[in-house]
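> Please find the sequence and the predicted model below.
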4 protein chains.
Amino acid sequence: MAVEQLTDVRVRYAETDAMAVAHHANYPIWFEVGRSDLMRALGVPYSEIEARGLYFMLSSLEVQYRAAARYDDLLTLTTTVEAVQSRAVTFAYTLRRGETLVATGKTHHITTDQQYRIVRIPDDILPHLRGH
Amino acid sequence: MAVEQLTDVRVRYAETDAMAVAHHANYPIWFEVGRSDLMRALGVPYSEIEARGLYFMLSSLEVQYRAAARYDDLLTLTTTVEAVQSRAVTFAYTLRRGETLVATGKTHHITTDQQYRIVRIPDDILPHLRGH
Amino acid sequence: MAVEQLTDVRVRYAETDAMAVAHHANYPIWFEVGRSDLMRALGVPYSEIEARGLYFMLSSLEVQYRAAARYDDLLTLTTTVEAVQSRAVTFAYTLRRGETLVATGKTHHITTDQQYRIVRIPDDILPHLRGH
Amino acid sequence: MAVEQLTDVRVRYAETDAMAVAHHANYPIWFEVGRSDLMRALGVPYSEIEARGLYFMLSSLEVQYRAAARYDDLLTLTTTVEAVQSRAVTFAYTLRRGETLVATGKTHHITTDQQYRIVRIPDDILPHLRGH
């Protein structure tokens, strides 16, 4: 079963917009924070991935916005690895405020070297991403 | 035929990340700039929409990233209205650097009043969004 | 003696730039997070200030950058109220990574109503800001 | 006399906050856009500076906020080199909306190599920064 990582997200004032809600472009940034926490929890911190010369480049993003979030709201983000392939990883995200569903989303990443060429995920990293 | 709005986007240094490319969370911000330009061109500036008590709340976002963009790159964003319903609008985006396709995307918006309740798009605004 | 508020700041990937360090425009955003935490601790959450029709508008900002911060660094921000006047407040900030001084800064705010006119800080809020 | 660079800045919706004004952390980002335009105009684009292995690291920032800016406002930023030393440069900024002064600011930068060690500004770059 997929490892679920929980991350607290407190909405910053700078993240609000003139509608007095969190601007939608912050959600992918929060997802990235959740992804970062999940990878640390899986034993493959993203900083180490980069230190080994790899990038997880985003190839697609989708977000469904269900309820607005406001300044100082304390949200809970759940991040999971949805799929792992030899050269790609998909993460899934659910953002809640208490029982209220705020947003869901997915990010799909390809693995590249630091010249942005697609490479395989190294064998010792794959099992971590698969959560076992 | 759909009205196409062209917007120049120069990648800001603040928009880059440690991979030395434009961070993916900036793309929805650029799309919003394109949407803003398109609505001004269609005769319904978004500032006027808000002055009339309406919000175009984002309900979903998708972005496909095709090529990296770097600091100081001059990109061209093409924005169109893809669909208009009585309480919703969908915009589509294509981002290029010269001939190179950098990204494509869509945003789906619902129309609300300033208490975030769904409302119909006023009759005098609809034809503008439909481009005729 | 001034109340000191400690806030943990984990550098987000989105906050880095092509120099592979946290971009300087994030520091005022982190300061705002510290200010928000401090005001909550002082019993006058900024959300309540706004609910009463007041804004703490920034009138000046200064930051001294002493050492670079990198992705995933865990920083500690210390926030204090430096001065309180009848229509203005000054906050001071110190940002550290362990023993290393990363940055210091100040923000000066004037109190306005929601039409952006300068107003006095209400009598029941003043003692909280003064920390007694 | 110092070269003055003019840059148009259109306030993005994403740059507004719940006070319905441009959030203060965007001003240093706009200043950076102005600096980028000025350096291009002076014949030393910042992208070339980095390609030669140099960084202009920010060592201090100050901003004075004089009037609020709102969504879709078209602002004019004036950027100048205020001082050049062998290992440091200071830029000054004035932001206006028509005749209204919106903000002023300064940034002080030290020159480093890409290991963040302070280095001299190369002899062929200095005259460009000095505007002659």
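Cool, the structure landed. Numbering: from 1, shown residues only, chains lettered A, B, ... in the order given.

> For the helix or strand containing residue A:58, which helices and strands make contact with it?
Residue A:58 belongs to strand A:54-65 when assigned by DSSP states H and E. On a contact count with 3 or more Cβ pairs under 8 Å, 6 or more residues apart in numbering or on different chains; DSSP states H and E, strand A:54-65 meets helix A:26-41, helix A:46-51, strand A:100-113, strand B:54-65. Backbone N, C-alpha and C define where each C-beta goes, glycine included.

> switch to 7 Å and redo it
Contacts defined by 3 or more Cβ pairs under 7 Å, 6 or more residues apart in numbering or on different chains; DSSP states H and E place strand A:54-65 against helix A:26-41, strand A:100-113, strand B:54-65.

> What distance do you get for the residue lying closest to residue A:114 once chain neighbours are set aside to chain C?
Spatial nearest neighbour of residue A:114, chain neighbours left out: residue A:53 (5.6 Å); criterion: Cβ to Cβ, 6 or more residues apart in numbering or on different chains. For residue A:53, the distance to chain C equals 14 Å [Cβ to the nearest Cβ, to the nearest Å].

> Okay, now the unreliable bits of chain A?
A:1 (pLDDT under 70).

> got the residues of it near chain B?
Chain A has residues A:19, A:24-25, A:28-29, A:55, A:58-65, A:68, A:116 near chain B, with proximity defined as Cβ under 7 Å from any Cβ of the partner chain.

> make it 8 Å
A:18-19, A:21, A:24-26, A:28-29, A:32, A:50, A:55, A:57-65, A:68, A:114, A:116 (Cβ under 8 Å from any Cβ of the partner chain).

> Could you pick out the buried ones from the residues you listed?
Listed as buried from the residues of chain A next to chain B are A:18-19, A:21, A:24-26, A:28-29, A:32, A:50, A:55, A:57-65, A:68; burial here means 16 or more other Cβ atoms under 10 Å in any protein chain shown.

> and residue A:8, how many residues sit next to it?
Each residue near residue A:8 was counted by other Cβ atoms under 10 Å in any protein chain shown, and the total is 10.

> what helix or strand does it sit in?
strand A:5-10.

> got the contact list for the nearest residue to residue A:119 once chain neighbours are set aside?
Nearest non-adjacent residue to residue A:119, counting by Cβ to Cβ, 6+ apart: residue A:113, 5.1 Å away. Residues near residue A:113 by Cβ atoms under 8 Å, 6 or more residues apart in numbering or on different chains: A:53-55, A:119.

> Quick check: residue A:69 vs residue B:67, distance?
According to Cβ to Cβ, to the nearest Å, residue A:69 and residue B:67 sit 32 Å apart.

> neighbour count winner among those two?
Between residue A:69 and residue B:67, residue A:69 has the larger neighbour count (other Cβ under 10 Å), namely 24 against 13.

> I'd guessed the more buried one sits against residue A:10; true?
No. In this structure, residue A:69 is not within contact of residue A:10 by Cβ atoms under 8 Å, at 10.2 Å.

> so what sits against both of the two?
residue A:75.

> can you name the farthest residue from the center of chain A?
residue A:18 (26.1 Å; Cα atoms, centre = their mean).

> Disregarding flanking residues, what is the spatial nearest neighbour of it?
Here the residue nearest residue A:18, using Cβ to Cβ, 6+ apart, is residue D:16, at 3.9 Å.

> Distance of that neighbour relative to residue A:94?
Distance from residue D:16 to residue A:94, by Cβ to Cβ: 28 Å.

> Between the two, which is the more surrounded one?
Shown here are residue D:16 and residue A:94; by other Cβ under 10 Å, residue D:16 has more neighbours (23 against 17).

> give me the beta-bridge partners of that one?
For residue D:16, the beta-bridge partners under DSSP bridges are residue D:22.

> these two touch, right, it and residue A:20?
No. With contact defined as Cβ under 8 Å, residue D:16 does not count as touching residue A:20 (9.9 Å).

> Double-check residue A:35 against residue A:90; I have them as touching.
No. Counting by Cβ under 8 Å, residue A:90 is not a contact partner of residue A:35; they are 10.9 Å apart.

> which residues are common contacts for these two?
residue A:107.

> The two: who's more crowded?
More crowded of residue A:35 and residue A:90, by other Cβ under 10 Å: residue A:35, with 24 against 16.

> got the residues of chain A near chain D?
Checking chain A against chain D by Cβ under 8 Å from any Cβ, the hits are A:13-14, A:16-18, A:20, A:23, A:25, A:70-71.

> ok, now with 6 Å
Within chain A, the positions adjacent to chain D are A:14, A:16-18, A:20, A:23, A:25, A:71 by Cβ under 6 Å from any Cβ of the partner chain.

> For residue C:127, state which of the residues you listed is nearest.
Closest approach to residue C:127 among the residues of chain A next to chain D (Cβ to Cβ): residue A:71, at 24.2 Å.

> Pull up the gap between that closest one and residue A:3, please.
In terms of Cβ to Cβ, residue A:71 sits 31 Å off from residue A:3.

> Looking at those two, which has the bigger crowd around it?
residue A:71 (21 against 15).

> In this structure the more buried one contacts residue A:14, no?
No. With contact defined as Cβ atoms under 6 Å, residue A:71 does not count as touching residue A:14 (9.5 Å).

> ok, now which ones touch the closest residue to residue A:62 other than its chain neighbours?
In space, and not counting its chain neighbours, residue A:62 is closest to residue B:62: 4.4 Å by Cβ to Cβ, 6+ apart. Neighbouring residues of residue B:62 by Cβ atoms under 6 Å, 6 or more residues apart in numbering or on different chains: A:62, B:105-106.

> 10 Å instead?
A:60-64, A:105-106, B:28, B:104-108 (Cβ atoms under 10 Å, 6 or more residues apart in numbering or on different chains).

> Also residue A:57?
A:88, A:108-112, A:116, A:118, B:19, B:21, B:24, B:65, B:68.

> Which single one of those is nearest to residue A:44?
Using Cβ to Cβ, the contacts of residue A:57 come closest to residue A:44 at residue A:111, 12.1 Å.

> in stretch A:81-93, what counts as buried?
A:81, A:84, A:88-93.

> Turn these into a markdown table, columns for distance to residue D:99 and secondary structure.
Shown next, in a markdown table, are the buried residues of stretch A:81-93 (distance: Cβ to Cβ, whole Å; DSSP: H, G, I helix; E, B strand; the rest coil):
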| residue | distance to residue D:99 | secondary structure |
| --- | --- | --- |
| A:81 | 56 | strand |
| A:84 | 59 | strand |
| A:88 | 54 | strand |
| A:89 | 54 | strand |
| A:90 | 53 | strand |
| A:91 | 50 | strand |
| A:92 | 52 | strand |
| A:93 | 47 | strand |
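
> Just the closest of these to residue C:132, please.
residue A:93 (43.6 Å).

> do you know how far the nearest residue to residue A:122 once chain neighbours are set aside is from residue A:129?
Spatial nearest neighbour of residue A:122, excluding adjacent residues (Cβ to Cβ, 6+ apart): residue A:52 at 7.3 Å. Between residue A:52 and residue A:129 the computed distance is 14 Å (Cβ to Cβ).
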